[in-house]
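[1] Sequence unavailable; structure follows:
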């Protein structure tokens, strides 16, 4: 099992950042790698168990399942059902915590997965650097940070 | 703020207990105090933010909102929107943890709320003893424990 | 029970901040309110159960007990044994989390306690604002933030 | 990274079980695999950072370091410094949680470590089954469970 932990600070109140990130189908509006996304079977994006089917700008096609969502603890957990990435047992959690000093937001994005050993370094870089830090950078451009 | 923590052991595998407890609208099938329940606005009971409108056997009417649900961490969090109980800021979490030794389930039910000081003892008893332990006793009758 | 949560960002790597905050007897070196402190019974300050006996600059005398300490999860938990503050059942936790983006540190300081209702507002202000935010401000002057 | 999670129920109040398990140097009194143990450098066993140097009944020699200990959250975390087991980055946590229904104790013992792939199955069995469940069985003989 491989674990990736990335975190950042967004210079905006937590309720504003959560309103944005809460939508499991909204990543095509904020993550630069995501081209378009739709929830399967006409379900709402806050129904635990729903699946988002999306395409990256490089043409990759993925399906991810919402495993958990909390408006109280401010996190969502999801797994990858299908992707070209070569990962197995991939589960990730995106979590917000308020920073009282300055009314800002601490964001932590973690993932655990399995892969063949020879792909580990590349996946840690592409997920931790590309997907997670790339998403943080987009949020910081939008909200400040 | 008052905190109540109650916990028990159910003598059944965690996935079986979770399949039962996951349904935010299913408490009228397992909790002895609940007479009938319905999710408002025709929403599904696993949509985070849905509201269950239910009646106790004593005729009390309550509305509770699903704040969080996770099939990964096996918990649900909810708040009371309306009740005759005289509580404010009531948030509760019901959480399952597998017990590997014997393939059983550890169940923890916690609540935090505010109330007028003179009602504290009565509410701790009726919620901790009646609602939580009463629910545990019903689960144990059903599953063993 | 009253809960106070305060958090900030320190612009320094987490291991540097932890090396500083880990010492349960070191608060007279960084917290502006603390004049001098000593661990009772000649014990080391990382022995769980040790008691720090200290004086504030205003002359107040306090005794606090170390309940928990972790170099892995980067937190310490302590209770107040004696103080002139008028609090009961006071337990606080100071916790650090690394921020990978920028190699900074998220610091969260929480407390729970009981007090007579008429003193609640004053204590929330003096503990949350004076003790916690006052400590954060000193850390930020020292490390940046 | 490999993760092992084992859990059980001890039929005794949590404060009694904790009084027993809290002593990082006390495992030679309750764990059947441990022959004798001593804390290095004459330190106390509740000093975070202390090292226990011990011998198993099969003659194996190990050194483990106490990384965290909490009388509030009732857990200890430790790492393996030296062992013949062939593990790296081994960190384990033993945690107690009260079960209010029956005044019993939920015990969870987890570990994470790295090893060469061909030893994974053997280590999961010997650690999860031998060390952890073997320890649980001894606790249950002593306290009931």
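    Yes, it's here. None of the values given here were measured: they were computed from a predicted structure. Residues are numbered from 1 along each chain as shown, chains lettered A, B, ... in the order given.
[2] show me what contacts residue A:16?
    Counting by Cβ atoms under 8 Å, 6 or more residues apart in numbering or on different chains, residue A:16 touches residue A:143. No exception for glycine: its C-beta is placed from N, CA and C like everyone else's.
[3] Can you give me the neighbour number for the residue nearest to residue A:6 when sequence neighbours are not counted?
    Spatially, and ignoring its direct neighbours in sequence, residue A:6 is nearest to residue A:132 (4.0 Å; Cβ to Cβ, 6 or more residues apart in numbering or on different chains). As a burial measure, residue A:132 scores 26 neighbours (other Cβ atoms under 10 Å in any protein chain shown).
[4] who touches residue A:132 in this structure?
    By Cβ under 8 Å, 6+ apart, the contact list for residue A:132 reads A:4, A:6, A:109, A:111.
[5] isn't there a helix covering it?
    Yes - assessed by DSSP: H, G, I helix; E, B strand; the rest coil, residue A:132 belongs to a helix.
[6] ok, now how distant is it from residue A:20?
    Per Cβ to Cβ, to the nearest Å, residue A:132 is found 16 Å from residue A:20.
[7] how close does the residue nearest to residue A:6 get to chain B?
    18 Å (Cβ to the nearest Cβ, to the nearest Å).
[8] Let me see the confidence value for that residue.
    For residue A:132, the model assigns a pLDDT of 98.
[9] for residue A:144, same thing?
    The predicted structure scores residue A:144 at 80 on the pLDDT scale.
[10] Could you measure from the closest residue to it other than its chain neighbours over to residue D:84?
    Nearest in space to residue A:144, with sequence neighbours left out and distances taken as Cβ to Cβ, 6+ apart, is residue A:11 at 3.6 Å. Going from residue A:11 to residue D:84 by Cβ to Cβ gives 51 Å.
[11] Next: residue A:70.
    44 Å.
[12] And those two? Which one has more around it.
    Neighbours were counted for residue A:70 and for residue D:84 using other Cβ under 10 Å; residue A:70 has more, 23 against 11.
[13] Quick check: bridge partners of that one?
    residue A:75, residue B:68 (DSSP bridges).
[14] Would you mind confirming that it makes contact with residue B:69?
    Yes - here residue A:70 reaches residue B:69: they are 7.5 Å apart, a contact under Cβ atoms under 8 Å.
[15] who touches both of those two?
    With Cβ under 8 Å, 6+ apart as the test, residue A:70 and residue B:69 both reach B:48, B:77.
[16] Kindly indicate which of the contacts of residue A:132 lies nearest chain D.
    residue A:4 (11.4 Å; Cβ to the nearest Cβ).
[17] quick one, what contacts that closest one?
    Residue A:4 makes contact with A:110-112, A:124, A:127-128, A:132, according to Cβ under 8 Å, 6+ apart.
[18] most neighbours, which of those residues?
    Going by other Cβ under 10 Å, residue A:132 tops the contacts of residue A:4 with 26 neighbours.
[19] Can you tell me how far it is from residue B:103?
    36 Å.
[20] Same check on residue A:145?
    If you measure residue A:145 against residue B:103 using Cβ to Cβ, the figure is 46 Å.
[21] my read: residue A:28 touches residue A:45, true?
    No - at 11.4 Å, residue A:28 does not count as touching residue A:45 under the criterion of Cβ under 8 Å.
[22] Settle it for me: which of the two has more neighbours?
    residue A:45 (20 against 17).
[23] The more buried one - that's part of a helix, no?
    No - counting by three-state DSSP, residue A:45 falls outside a helix, being coil.
[24] What confidence value was assigned to it?
    Reported pLDDT for residue A:45: 98.
[25] check contacts around it.
    A:23-26, A:39, A:52, A:66.
[26] so which of the residues you listed is the most crowded?
    Ranking these using other Cβ under 10 Å puts residue A:66 first, with 27 neighbours.
[27] which element is it on?
    strand A:61-70 (DSSP states H and E).
[28] Can you name every helix or strand that that strand contacts?
    The helices and strands touching strand A:61-70, judged by 3 or more Cβ pairs under 8 Å, 6 or more residues apart in numbering or on different chains; DSSP states H and E, are strand A:51-56, strand A:75-82, strand B:61-70.
[29] Over to the residue nearest the centre of chain A: give its phi and psi.
    Centroid-nearest residue in chain A, with Cα atoms, centre = their mean: residue A:94, separated by 5.7 Å. The phi and psi values for residue A:94, taken as degrees, to the nearest 10, are phi -110, psi 120.
[30] Pretty sure it sits against residue A:109.
    Yes - between residue A:94 and residue A:109 there is a contact under Cβ under 8 Å: 4.9 Å.
[31] Distance-wise, check the residue lying closest to residue A:117 once chain neighbours are set aside relative to residue A:116.
    Excluding its sequence neighbours, the residue lying closest to residue A:117 (Cβ to Cβ, 6+ apart) is residue D:117, at 7.8 Å. For residue D:117, the distance to residue A:116 (Cβ to Cβ) stands at 11 Å.
[32] Which of the helices or strands spans the residue in chain A sticking out farthest from the centre?
    Computed with Cα atoms, centre = their mean, the residue of chain A farthest from its C-alpha average is residue A:101, at 25.4 Å. Using DSSP H and E, residue A:101 sits in no helix or strand.
[33] list the contacts for it?
    So residue A:101 contacts C:6-9, C:133, C:136 (Cβ under 8 Å, 6+ apart).
[34] Mind checking which of the residues you listed land in strands?
    Mapping the contacts of residue A:101 onto strands (DSSP state E) picks out C:6-9.
[35] pretty sure residue A:62 contacts residue A:82?
    Yes - Residue A:62 lies in contact with residue A:82 (Cβ under 8 Å); the separation is 6.4 Å.
[36] quick one, which of the two is more surrounded?
    Taking neighbours as other Cβ under 10 Å, residue A:62 and residue A:82 compare with residue A:62 leading, 17 against 12.
[37] That one and chain D: what is the separation?
    24 Å.
[38] picking up where we left off before, the strand holding residue A:66 vs strand B:75-82, what angle?
    Going by axes from the mean of the first three to the mean of the last three Cα atoms, to 10 degrees, strand A:61-70 is angled at 50 degrees with respect to strand B:75-82.
[39] Now stretch A:135-145: buried residues?
    A:135-136, A:138-140, A:143, A:145 (16 or more other Cβ atoms under 10 Å in any protein chain shown).
[40] For chain C, tell me which of those residues show up nearby.
    Checking the buried residues of stretch A:135-145 against chain C by Cβ under 8 Å from any Cβ of the partner chain, the ones in range are residue A:136.
[41] Chain A against chain D: which residues are in contact?
    Counting by Cβ under 8 Å from any Cβ, chain A sits next to chain D at A:1-3, A:117.
[42] Any of these buried? List them.
    residue A:2.
[43] and the two most separated of the residues of chain A next to chain D?
    Greatest spatial distance in the residues of chain A next to chain D: A:3 and A:117, 15.1 Å, computed using Cβ to Cβ.
[44] Among the contacts of residue A:132, which ones are in strands?
    Residues from those lying in strands, with DSSP E as the criterion: A:4, A:6, A:109, A:111.
[45] Just name the closest of the residues you listed to chain B, please.
    residue A:111 (12.6 Å).
[46] Pull up the gap between the closest one and residue A:93, please.
    Note on residue A:111: its distance to residue A:93, by Cβ to Cβ, is 8 Å.
[47] Perfect, that will be all.
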